[in-house]
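> Sequence and predicted structure are below.
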Amino acid sequence: MLQPFIHNHQLNNIQKQANFLLKTMRSVADRKVLATVRDTAVNNVVDAFGALTPEQYELLEQLSSFEAAHELQQYVDQLDRYVVPFPAVSPQHIQKLFPKTKKLKVPNLETIDWLHTTYLRWIDIATNRLYIVYPYEGKLIGMEGQITPMNKNGFCMFCHRNQELGFFNVKMKKGSSPDNFASLGQYVCMDNEACNHNITSTFALERFIQSASK
């Protein structure tokens, strides 16, 4: 049996391509057009991975082989068994990632769907602070900042979907002076689960983390 090799954002991308393929199957009768769309969907999926073993590629390529909509969705659903879960993390570990926050309100980790989590995030509504935990370059890192609800929908920089937005502002220390700070801001989802459900690439998230760490 194949070992887990699909990450949540890659699974979301597979679902996105499957939805595109389903829409085409329901509206297009031309077999040549369908074949082209099938090939495009598989290529878009494979491109989200690095090197693949022949067995992994064969599994992903099956996306193009289904004729019935329910069979295609069943295929996507059974991919959960190949998903790499978010790294194990404890409240104590999370507290260590945010040493300056003495009364950190850690979310109930037992309620988190770790299989479908690209980055752990939660909002402390008492302080309007967004906390992020993400496995970056082999270790978990923590990032926090003020989040201001915008009370409108728009384009989330992390998941690239139209969602209810907040402005996430992270303060960064610059230079040797303790009073010298800069800030980095971005519009992101207010809904923690929705962002993890929609994110299909970690590029924007990791670029933000890199910029905030400089």
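Structure's in. What do you need?
> Just the buried positions in the lengthiest helix in the chain, please.
Across the chain, the longest stretch assigned as helix under DSSP state H is helix 8-27. In terms of neighbour count (16 or more other Cβ atoms under 10 Å), helix 8-27 has its buried residues at 8-15, 17-18, 21-22, 24-25. C-beta coordinates here come from the backbone N, C-alpha and C atoms, glycine included.
> Now the helix or strand that comes right after it: buried residues?
Scanning forward in sequence from helix 8-27 by DSSP states H and E, the next helix or strand is helix 31-46. Going by neighbour count (16+ other Cβ under 10 Å), the buried part of helix 31-46 is 34, 37, 38, 41, 42, 44, 45.
> ditto for stretch 50-65
Within stretch 50-65, the residues scored as buried using 16+ other Cβ under 10 Å are 56, 59, 60, 63, 64.
> For residue 205, see how far away the fourth one is.
Same thing as residue 63. Using Cβ to Cβ, to the nearest Å, residue 63 is found at 25 Å from residue 205.
> same check, this time on residue 133
From residue 133 to residue 205 the distance is 12 Å (Cβ to Cβ).
> Between these two, which contacts overlap?
Listed as contacting both residue 133 and residue 205 by Cβ atoms under 8 Å, 6 or more residues apart in numbering are residue 119.
> Output the longest strand anywhere in the chain as CSV, restricted to C-alpha atoms.
Criterion DSSP state E: the longest strand present in the chain is strand 139-155. Extracted in CSV, the C-alpha atoms of strand 139-155 (Å, rounded to 0.1, in the frame of the first residue of the first chain):
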residue,chain,number,x,y,z
LYS,A,139,10.2,22.7,12.0
LEU,A,140,7.1,24.3,13.4
ILE,A,141,7.1,28.0,13.5
GLY,A,142,4.7,30.5,15.1
MET,A,143,3.5,33.8,13.8
GLU,A,144,1.0,36.2,15.3
GLY,A,145,-0.4,39.6,14.6
GLN,A,146,-3.4,41.9,14.9
ILE,A,147,-6.4,41.0,12.7
THR,A,148,-9.0,43.6,11.9
PRO,A,149,-12.3,42.4,10.5
MET,A,150,-13.1,44.2,7.2
ASN,A,151,-16.8,43.2,7.3
LYS,A,152,-16.8,42.4,3.6
ASN,A,153,-15.8,39.7,1.2
GLY,A,154,-12.7,39.7,-0.9
PHE,A,155,-9.6,37.9,-2.1
